[in-house]
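S.K.: would you be able to build a 3D model of this:
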Amino acid sequence: MNLSTIYGFFRKSKKKECIVELKKTLCENNIEIPRMQRQRQLNCFSPILEEEAVQLAYDIEMLYKKYFPVADVGRQMLENLLKKGHTVEICEKMLTNTLAVMNQIIETLNSRQPKINGKDEKLKGTPLDVAYHVFSNSTHGFGHPNSLTHYRTYRDIVSHAILLSRKMLKGEPLLPIEKPDPNEKPFALMSDNEFMAMINGRVEKKPDINNIVN
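M.R.: The predicted structure follows:
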């Protein structure tokens, strides 16, 4: 029996007296159960689930790094600010302030580590510790690494927008976005069948000019 199985028995023992009886039985058989650092009610979340949830967060981070269009979104962010009537100077200042906030958030998250299977608990010593650790527990440990991925990606977007704004301040224009070729796959990993289905869908949605009423 491993610890995950034993904790599973604990979670199945809904009543306090059942848990006490189970602990007594384990003790009689010299099966030692280490006290978990988490202070919460036992529920159906197990250490195995936490490992899988954390790994999922890391997998998502790898996909973000490989496929998320940071440059395009950063450019769109800058264009949206310009369309609101802000000057390039104001845009650059707003984005720089946003970047500082993102760095502060990431630093705060890095200073914490909620207790999960295989990770030592790391506290910052503020009232936010409890709320953030409850959030981590309720997401099987997925929330902490995924939050870091979210804010790091957003920071990269803002950083690219700042880069473009500073180029504009030097007199460089924003280069036009190259439109994708409709006859090419939008994603390299897209299968031939999916691509043909997408093209056929475009043809089916194309309006019939003869049926348009003036």
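S.K.: so what does the lengthiest helix in the chain touch, helix or strand wise?
M.R.: Assignment by DSSP state H gives helix 143-169 as the longest helix of the chain. With contacts taken as 3 or more C-beta pairs under 8 Å, 6 or more residues apart in numbering; DSSP states H and E, helix 143-169 sits against helix 47-67, helix 70-83, helix 88-110, helix 128-138. Where C-beta positions appear, they are placed from N, C-alpha and C, glycine not excepted.
S.K.: could I get the ones you listed as CSV with mean neighbour count?
M.R.: Converted to CSV, the helices and strands packed on helix 143-169 look like this (neighbours: other C-beta atoms under 10 Å):
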stretch, mean neighbour count
helix 47-67, 15
helix 70-83, 16
helix 88-110, 15
helix 128-138, 16
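S.K.: tell me which of these sits nearest to Ser147.
M.R.: helix 88-110 (6.0 Å; C-beta to C-beta).
S.K.: what does the closest one rub up against?
M.R.: Residues from elsewhere that reach helix 88-110 (C-beta atoms under 8 Å, 6 or more residues apart in numbering): 77-78, 81-82, 86, 124, 128, 144, 147-148, 151-152, 154-155, 158-159, 161-162, 165-166, 168-169.
S.K.: hang on, the earlier thing: give me the distance from the helix or strand just after the longest helix of the chain to the chain's centre.
M.R.: Using DSSP states H and E, the next helix or strand after helix 143-169 towards the C-terminus is helix 192-205. Distance, stretch centre to chain centre, for helix 192-205: 31 Å (C-alpha atoms, centre = their mean, to the nearest Å).
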